[in-house]
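Student: Model the following, please.
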Amino acid sequence: MLRRIIKGTGTFRNGLILKYLPVLLGFACCVAPSVGAWGPQAHRIVAEIAQINLEPGIKARIAKDFNIIKLSNISVWADKIRDERTGEKPWHYTNIAKGKKYYDRKRDCPRGNCVTEKIFQFETTLRDEKKSSDKRRDALKYLVHFVADVHQPLHLGNKEDRGGNEIKVTHDYKETKLHALWDSGLIFLNKGQSLPGYARKLNRQISPADIRKWSAGTAREWSDESRFLALKYAYPMELTALKQLKFEYVDQAHQVVKMQLSKAGIRLADLLNRALKPQAQERSP
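Tutor: Numbers count the residues shown, from 1 in each chain. Coordinates of the predicted model:
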C-alpha cells in the first residue's frame with residue numbers, strides 16, 4: 001500500500017498523510033534504529049546464514065576447537081571491543097578516494113589497517129595451525145564480523161565524507177546520516193519475525209547457482225563489489241519535494257542490502273569451510 005501511495009507522486013498530499021498515517025507508522029516501526037556500524041541485526045543475519053551453510057565437519061570443529069556453538073553468538077564481538085581498543089576502529093571499513101571506482105592498497109590502506117586487509121590477515125592466522133588456539137579463536141571472531149562489514153556498501157564509501165557519515169538525509173521524517181541508514185535502517189522485519197527466521201528466509205532464496213557464483217573470491221574483490229554498489233545505489237540520492245529520500249531509493253537500497261547479507265553469509269561459510277579444513281585433507285588428491 002505504501003508503494004501505491006508514493007509511487008508516481010514524489011511527495012504526499014495532506015489528506016493522504018492523515019488517511020494513511022497508521023500505515024506509515026507501522027512501516028516506520030519495522031525499520032531498525034540507526035547505529036554506528038553495520039548493526040547487530042545485520043551481523044547476526046549474516047552469521048545465521050553462514051551457520052546454515054557450514055559443512056558439518058567444520059561446524060563440529062569450530063565447536064570443539066574454539067568452544068563456539070553458534071556464529072551469531074560472536075558476530076558483534078568486534079564491535080563490543082572497539083571502544084576499549086580504539087586503534088581497531090579503522091579495521092571495520094575501507095575508505096576510498098573520491099572518484100575512484102576500485103580499491104587500491106597503496107592509496108587506500110597503506111598500513112593494512114582497513115577491513116579489506118584485515119580479512120586477509122585474520123584468514124591467514126585462522127589457517128595456521130601452529131598459532132595458539134586463542135589467536136585463532138580471535139581471528140575467527142574477527143572474520144565473522146569483518147566479512148559482514150566489507151559487504152556494507154558504504155564501508156567502501158568515500159574518504160572525503162567518511163563513508164557517508166558526513167551526509168545528512170531525511171527518512172521517515174527523521175534526520176539521520178546516510179551511512180547510518182545503510183547500516184541499520186534498511187532491514188525490514190515483519191512484526192514478530194525473528195532474526196534466525198529472517199535469515200532462514202533469505203537462505204531459502206539462495207540457489208545452488210548463487211552459491212557457486214558467490215563462493216570463493218577475495219576480500220579485495222568483495223571490496224570492489226561493495227564500492228560499485230556504493231557508487232551506483234548509495235550516493236545517487238533522489239529527494240521528494242519535502243526533502244525526503246524517495247521511496248524508490250529506499251526500496252532499491254533495501255533490495256541491495258538483502259542481497260549483500262545473503263552474499264556475506266555464503267562467503268563467510270565458504271571462507272571458514274576452506275580455512276578450517278584439516279591441512280592433511282587439503283593436501284589429499
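Student: Every contact and neighbour count from this point should use C-alpha atoms.
Tutor: Will do.
Student: And the helix or strand where residue 116 lies, what's buried?
Tutor: The secondary structure element spanning residue 116 is helix 115-127 (assigned by DSSP states H and E). For helix 115-127, the buried set under the neighbour-count rule, 16 or more other CA atoms under 10 Å, comprises 115, 116, 117, 118, 119, 122, 123, 125, 126, 127.
Student: Now do the helices in the stretch 1-150 of the chain.
Tutor: The residue ranges that make up the helices of the stretch 1-150 of the chain, judged by DSSP state H, counting those that start in this stretch, are 2-6, 14-19, 21-29, 40-53, 56-66, 77-80, 105-108, 115-127, 133-149.
Student: picking that back up, let me know the closest of the buried residues of helix 115-127 to residue 102.
Tutor: residue 116 (12.1 Å; CA to CA).
Student: Which helix or which strand is home to the spatially closest residue to residue 233 that is not a sequence neighbour?
Tutor: Distances taken as CA to CA, 6 or more residues apart in numbering put residue 253 closest to residue 233, at 6.6 Å, once the chain neighbours are dropped. According to DSSP H and E, residue 253 maps onto helix 247-275.
Student: Number of residues surrounding residue 78?
Tutor: Look at residue 78: counted by other CA atoms under 10 Å, it has 21 neighbours.
Student: I figured residue 146 was touching residue 92, is that so?
Tutor: Yes: checked against CA atoms under 8 Å, the pair residue 146 and residue 92 is within contact range at 6.4 Å.
Student: what about the two, which has more around it?
Tutor: Using other CA under 10 Å as the criterion, residue 146 and residue 92 rank with residue 146 on top: 28 against 25.
Student: so how far is residue 38 from the more buried one?
Tutor: For residue 146, the distance to residue 38 equals 10 Å [CA to CA, to the nearest Å].
Student: Likewise for residue 268?
Tutor: Using CA to CA, one obtains 16 Å as the distance from residue 268 to residue 38.
Student: Can you find the helix or strand in the protein with the smallest mean pLDDT?
Tutor: Using mean pLDDT, DSSP states H and E, the weakest-scoring helix or strand in the chain turns out to be helix 2-6, at a mean of 35.
Student: re earlier: okay, angle between the helix holding residue 253 and helix 115-127 too, please.
Tutor: Computed with axes from the mean of the first three to the mean of the last three CA atoms, to 10 degrees, the direction of helix 247-275 lies at 30 degrees from that of helix 115-127.
Student: Tell me the buried residues in helix 247-275?
Tutor: Going by neighbour count (16+ other CA under 10 Å), the buried part of helix 247-275 is 247-248, 250, 253-254, 256-258, 260-275.
Student: what's the nearest residue to residue 145 if we skip its chain neighbours?
Tutor: Of all residues beyond its chain neighbours, the one nearest residue 145 is residue 75 (5.3 Å), with distances taken as CA to CA, 6+ apart.
Student: shaky segments in the protein?
Tutor: Within the chain, the ranges that satisfy pLDDT under 70 run 1-37, 279-285.
Student: and the helix holding residue 253, what other elements does it pack with?
Tutor: Of the remaining helices and strands, those touching helix 247-275 by 3 or more CA pairs under 8 Å, 6 or more residues apart in numbering; DSSP states H and E are helix 40-53, helix 115-127, helix 133-149, helix 195-204, helix 208-214.
Student: Give me the angle between it and helix 56-66.
Tutor: 80 degrees.
Student: chain center to helix 247-275, what's the gap?
Tutor: From the chain centre to the centre of helix 247-275 is a distance of 7 Å (CA atoms, centre = their mean, to the nearest Å).
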